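**Q** Test case, fold it:
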Amino acid sequence: MTSQWNTVGEVMTHAVVAVGRDATFQEILETLQRWKVSAVPVLAGDGRVVGVVSEADLLAAEDRHAGRTEGLLAGGLMSVPAVTVHADSPTAEAARAMARGHFKRLPVVDAEDCLIGIVSRSDLLKVHLRPDEDLADQVRFELLAVLEPRQVSGLDIRAEEGRITLTGVLPDPSALPVLERLVRAVPGVVDAEVRLATSAV
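**A** Okay, here's the model as predicted:
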């Protein structure tokens with residue numbers, strides 16, 4: 001079994017709306033309204049992300065220029081440098097970057113900084129919407145890293161709305177705290193109850 005939902009590439013949206021450096025204030029505003037987004041990446045001619053222009057950037061420019069927005073282009077309106085993530089970045093890394101910068105979404109780029117997708121807060125929340133069966137399988141897989149297969153096969157792992165209940169018999173009582181931390185660390189687990197009896201073997 002392979003881990004799922006752990007990287008940005010697994011949850012990002014591939015269809016992305018973006019603008020070029022020469023997009024006008026009005027064109028950017030219409031793009032934001034048409035696609036119902038609060039910000040768009042700004043691309044160089046080769047597809048590299050060179051900045052991001054947001055509703056806040058437009059409002060600041062409108063205020064700064066006393067409402068005279070003619071002639072204002074994306075290249076002068078955008079925030080630089082653009083905060084981006086790579087598709088193989090952990091979802092937790094993207095979440096931290098969003099929290100630090102108070103961003104609602106981040107452009108996803110390849111090794112050459114070319115735009116390949118966008119990841120939003122709602123995309124990152126997908127990790128908490130995994131099917132219970134998938135969660136239980138993931139917990140079982142993670143337990144194999146610290147327990148022998150025969151010990152894992154003797155445990156009952158149940159998932160209900162993201163809550164994991166682990167029951168059974170464990171030979172080594174010292175492993176209990178480790179197991180609970182491991183279960184809680186699985187992406188998508190919202191709570192865990194470890195009810196394992198211990199029995200010397």
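
**Q** C-alpha only now, for contacts and for neighbours.
**A** Fine.

**Q** center of the protein - which residue?
**A** The chain has residue 124 as the residue nearest its centroid, 3.3 Å off, counting by Cα atoms, centre = their mean.

**Q** Quick check: beta-bridge partners of residue 114?
**A** Judged by DSSP bridges, the bridge partners of residue 114 are residue 48.

**Q** Next up, the contacts around the residue nearest to residue 161 when sequence neighbours are not counted.
**A** Excluding its sequence neighbours, the residue lying closest to residue 161 (Cα to Cα, 6 or more residues apart in numbering) is residue 132, at 6.4 Å. For residue 132, the contact set (Cα atoms under 8 Å, 6 or more residues apart in numbering) comprises 159, 160, 161, 162.

**Q** how close does the second one sit to residue 191?
**A** Think residue 160. Shown here: residue 160 relative to residue 191, a distance of 10 Å by Cα to Cα, to the nearest Å.

**Q** so who does the residue nearest to the centre of the chain touch?
**A** The contact partners of residue 124, taken as Cα under 8 Å, 6+ apart, are 8, 11, 91, 95.

**Q** And the furthest pair within those residues?
**A** 11 and 95 (12.1 Å; Cα to Cα).

**Q** Could you tell me whether residue 192 really is in a strand?
**A** Yes: assessed with DSSP: H, G, I helix; E, B strand; the rest coil, residue 192 lies in a strand.

**Q** Correct me if wrong: it contacts residue 160.
**A** No: at 10.3 Å, residue 192 does not count as touching residue 160 under the criterion of Cα atoms under 8 Å.

**Q** Strands along this structure, start to end?
**A** In the chain, the strands defined using DSSP state E lie at 19-20, 39-43, 49-54, 85-86, 105-109, 115-120, 156-160, 163-170, 191-198.
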